[in-house]
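In: Here is my input, please return the structure:
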Amino acid sequence: MFRLLRNSRSIIAAVSRYTSFTKRMSSSLLIENEKYSFLKELGLNEDNAGAFYGQWKANGKVVTSYSPATGEAIARVTEGSVDDYHKAVSAAREASKQWMMVPAPKRGEIVRQIGNRLRDNISNLGKLESLEVGKIYPESVGEVQEFVDMCDLAVGLSRSFAGKVIPSERPGHALLEQWNPLGLVGVITAFNFPIAVYGWNSAVGLVCGNSMLWKGSPTTSLTLIAVTKIVEQVLRANDIPPAVCSMVCGGAEIGEAMAKDKQIDLLSFTGSTKVGRQVGVEVQKRMGKLLLELGGNNAIIVLEDADLELVVRSVLFAAVGTAGQRCTTTRRLILHEKVYDEVVQRLKKAYAQVPMGDPLDEGVLLGPLHSQQAVKLFQDAVDEIKQLGGNIVCGGKVVDPPGYYVEPTLVTDLPHDSPIVQRETFVPILYVLKCSSFEEGVAWNNEVGQGLTSSLFTQDVRKVFEWMGPLGSDCGIVNVNIPTSGAEIGGAFGGEKETGGGREAGSDSWKQYMRRSACTVNFGKDLPLAQGIKFAS
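Out: You can find the predicted model right below:
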């Protein structure tokens with residue numbers, strides 16, 4: 001044991017996110033520390049039930065949530081069992097019968113109240129997410145704000161989503177388009193954006209008349225519980241069955257049950273492409289509805305006429321923000337050969353000045369990775385880069401514990417089609433590539449498996465519209481002179497190819513949460529048939 005503790009890498013491994021029940025019970029918890037009083041203000045306790053379906057009851061294994069910044073235990077959670085999951089499905093479906101009959105504008109009013117309650121708790125929720133997820137406090141607050149903004153968007157949507165009255169070719173007939181709720185929407189969120197992604201789905205899903213069932217990453221259970229408690233308060237205050245927003249913490253067994261369950265009318269899954277493929281197969285087997293928001297090997301293209309000051313600031317935020325753990329993180333930087341050397345030098349200087357530390361501390365721009373698994377992913381990638389002949393301009397090292405910290409890393413001298421460049425690695429590593437033309441840059445942007453987000457930096461308006469056109473970027477998000485990350489909620493969020501094709505948040509994404517019926521009404525006395533068919537008796 002003493003030899004183990006003398007090894008710094010083994011210390012990281014020892015502070016794993018899940019340990020034996022005996023060890024957890026004997027350790028002190030941050031929730032008992034006055035410094036973290038916001039945890040109890042959010043309704044959290046030393047021991048928390050990790051399932052809610054109108055009542056807080058869980059019968060699964062007991063796990064401990066740890067801070068990735070220090071490795072310290074925060075609080076314990078009893079996860080939901082598969083039996084708890086089925087109880088949650090039953091309660092949520094029963095609650096949906098009442099909820100879907102509430103007029104849409106009234107549903108919007110209740111969602112507005114949820115947004116207000118989130119506003120009231122935005123600081124505490126931000127601190128909780130920084131503590132449990134590891135992202136810096138301003139980003140965490142911004143994520144809660146995203147849920148708040150989605151509530152505002154959904155309020156307006158509740159009075160504006162509508163079908164159509166379509167001209168009928170038959171006299172005395174009306175042809176209508178009617179939208180109705182699906183019933184129960186399952187939402188599986190990843191560790192990096194639990195609040196925002198649930199907000200995208202739940203705010204819209206609720207005003208569309210659906211009940212929600214939320215399962216998050218097992219390492220963000222406290223965040224799920226705190227948000228669900230806030231939503232529960234609003235539902236109870238409006239005499240709405242609180243099981244309308246049910247939640248089950250747990251591992252792969254819960255996700256697998258959701259994918260296979262015919263009672264889940266729509267399953268929204270956010271996560272890796274690898275797991276997304278498995279989820280997609282299971283949902284397709286039952287011919288269910290599916291919304292996938294998967295990975296992104298995102299690129300920024302910089303042409304010779306770009307504003308380089310804007311480029312450096314944008315790349316720094318998009319490549320280093322959230323420690324490279326956004327699905328929209330910039331992972332490839334494609335520089336025109338005329339500006340390549342200057343941009344690399346500017347970025348090298350900027351990377352050296354990034355303040356790293358506790359995500360709750362003011363002024364910190366880079367927090368820890370979320371887990372020891374992510375640290376190993378970083379180490380393996382650095383080893384592979386070296387083996388392939390890549391040049392590590394800066395970074396490339398794991399920071400000594402406590403915490404899962406790594407240096408933001410800038411890599412040059414790898415070909416655009418190198419296996420590691422073609423592969424999304426969920427850590428702060430940026431591959432810098434040199435291109436000779438706009439056309440070559442676009443081809444490299446499009447050659448990877450994913451198609452989430454992309455950005456072009458140029459002052460040439462002709463190139464801007466080529467980039468946005470049919471021969472330009474093949475991504476779901478196509479930006480100009482802004483980073484690949486930081487999407488606004490007003491647009492539909494999602495991507496093409498191996499990103500999954502799903503769309504969440506704004507625009508007409510609401511249509512995925514409803515079923516559409518074409519309704520023909522005969523208000524006359526005759527029975528003319530479509531297409532002029534005569535069918536005499």
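In: Give the bridge partners for residue 178, please.
Out: Judged by DSSP bridges, the bridge partners of residue 178 are residue 517.
In: any low-confidence regions in the stretch 301-450 of the chain?
Out: By pLDDT under 70, the stretch 301-450 of the chain has no low-scoring segment.
In: all helices of it, in order?
Out: Shown for the stretch 301-450 of the chain, the helices assigned by DSSP state H, counting those that start in this stretch span residues 308-320, 340-352, 372-387, 419-422, 438-446.
In: Could you do the stretch 1-150 of the chain as well?
Out: Ranges of helices within the stretch 1-150 of the chain are 2-6, 8-14, 21-26, 38-41, 82-99, 104-120, 122-132, 137-157, based on DSSP H, counting those that start in this stretch.
In: Rebuild these as TSV, extending it with mean pLDDT and mean neighbour count.
Out: Placement of C-beta: from N, CA and C, glycine included. As requested, the helices of the stretch 1-150 of the chain are exported to TSV (pLDDT from 0 to 100; neighbours: other Cβ atoms under 10 Å):
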stretch	mean pLDDT	mean neighbour count
helix 2-6	27	8
helix 8-14	33	15
helix 21-26	37	11
helix 38-41	98	18
helix 82-99	98	20
helix 104-120	98	19
helix 122-132	98	23
helix 137-157	98	21
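In: Nearest to residue 524, out of those helices?
Out: Smallest distance to residue 524 across those (Cβ to Cβ): 30.7 Å, for helix 104-120.
In: on contacts alone, who are the packing partners of that closest one?
Out: helix 137-157, helix 194-207, helix 221-237 (3 or more Cβ pairs under 8 Å, 6 or more residues apart in numbering; DSSP states H and E).
In: Looking at those, which is nearest to residue 83?
Out: Of all the helices and strands packed on helix 104-120, helix 221-237 sits nearest to residue 83, with 18.0 Å by Cβ to Cβ.
In: Quick one: work out the angle between the closest one and helix 137-157.
Out: Per axes from the mean of the first three to the mean of the last three Cα atoms, to 10 degrees, the angle that helix 221-237 makes with helix 137-157 is 30 degrees.
In: returning to what we had before: output the helices and strands packed on helix 104-120 in TSV; the columns should cover distance to residue 415.
Out: Listed next are the helices and strands packed on helix 104-120 as TSV, based on distance: least, Cβ to Cβ, whole Å:
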stretch	distance to residue 415
helix 137-157	33
helix 194-207	34
helix 221-237	40
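In: contacting residues for the nearest residue to residue 265 once chain neighbours are set aside?
Out: Of all residues not flanking residue 265 in the chain, residue 182 sits nearest, at 3.9 Å (Cβ to Cβ, 6 or more residues apart in numbering). Residues in contact with residue 182 (Cβ atoms under 8 Å, 6 or more residues apart in numbering) are 208, 210, 265-266, 289, 513-515.
In: just to revisit the earlier point, could the helices of the stretch 1-150 of the chain go into JSON lines alongside distance to residue 327?
Out: Below are the helices of the stretch 1-150 of the chain laid out as JSON lines (distance: least, Cβ to Cβ, whole Å):
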{"stretch": "helix 2-6", "distance to residue 327": "36"}
{"stretch": "helix 8-14", "distance to residue 327": "25"}
{"stretch": "helix 21-26", "distance to residue 327": "31"}
{"stretch": "helix 38-41", "distance to residue 327": "28"}
{"stretch": "helix 82-99", "distance to residue 327": "26"}
{"stretch": "helix 104-120", "distance to residue 327": "22"}
{"stretch": "helix 122-132", "distance to residue 327": "17"}
{"stretch": "helix 137-157", "distance to residue 327": "13"}
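In: To residue 275, which of those lies closest?
Out: Closest approach to residue 275 among the helices of the stretch 1-150 of the chain is made by helix 82-99 (17.9 Å; Cβ to Cβ).
In: helices and strands around that closest one, which ones?
Out: Secondary elements touching helix 82-99 (3+ Cβ pairs under 8 Å, 6+ apart): strand 47-52, strand 184-188, strand 211-215, strand 245-248, helix 252-260.
In: tell me the angle of the second one relative to helix 194-207?
Out: Read it as strand 184-188. Per the same axes, to 10 degrees, the angle that strand 184-188 makes with helix 194-207 is 170 degrees.
In: what do you get for the first one?
Out: Note on geometry: by the same axes, to 10 degrees, strand 47-52 and helix 194-207 are set 40 degrees apart in direction.
In: Buried ones in strand 47-52, by neighbour count?
Out: Of all the residues in strand 47-52, those buried under the rule 16 or more other Cβ atoms under 10 Å are 48-52.
In: Which one of those residues is nearest to residue 166?
Out: Nearest to residue 166 among these: residue 52, at 42.4 Å, using Cβ to Cβ.
In: Leaving out chain neighbours, which residue sits closest to the closest one?
Out: Excluding the flanking residues, the one nearest residue 52 by Cβ to Cβ, 6+ apart is residue 247, at 4.7 Å.
In: what about that neighbour, neighbour count?
Out: Neighbourhood size, residue 247 [other Cβ atoms under 10 Å]: 28.
In: Now that residue 434 has come up, it's in contact with residue 341, right?
Out: No. The pair residue 434 / residue 341 is not scored as a contact, 9.2 Å apart, by Cβ atoms under 8 Å.
In: more crowded one of those two?
Out: Of the pair residue 434 and residue 341, residue 434 is the one with more neighbours under other Cβ under 10 Å, namely 19 against 11.
In: How about the more buried one: which residues does it bridge to?
Out: Per DSSP bridges, the residues bridged to residue 434 are residue 335.
In: what's the spacing between it and residue 84?
Out: As judged by Cβ to Cβ, to the nearest Å, residue 434 and residue 84 stand 54 Å apart.
In: same deal with residue 201?
Out: Residue 201 sits 21 Å away from residue 84, taking Cβ to Cβ as the criterion.
In: What's the local residue count around the spatially closest residue to residue 468 that is not a sequence neighbour?
Out: Spatial nearest neighbour of residue 468, chain neighbours left out: residue 478 (5.5 Å); criterion: Cβ to Cβ, 6+ apart. By other Cβ under 10 Å, 17 other residues sit near residue 478.
In: Can you give me the buried ones in stretch 371-384?
Out: Under the neighbour-count criterion of 16+ other Cβ under 10 Å, stretch 371-384 has 371-372, 374-379, 381-382 buried.
In: Good, we can wrap up now.
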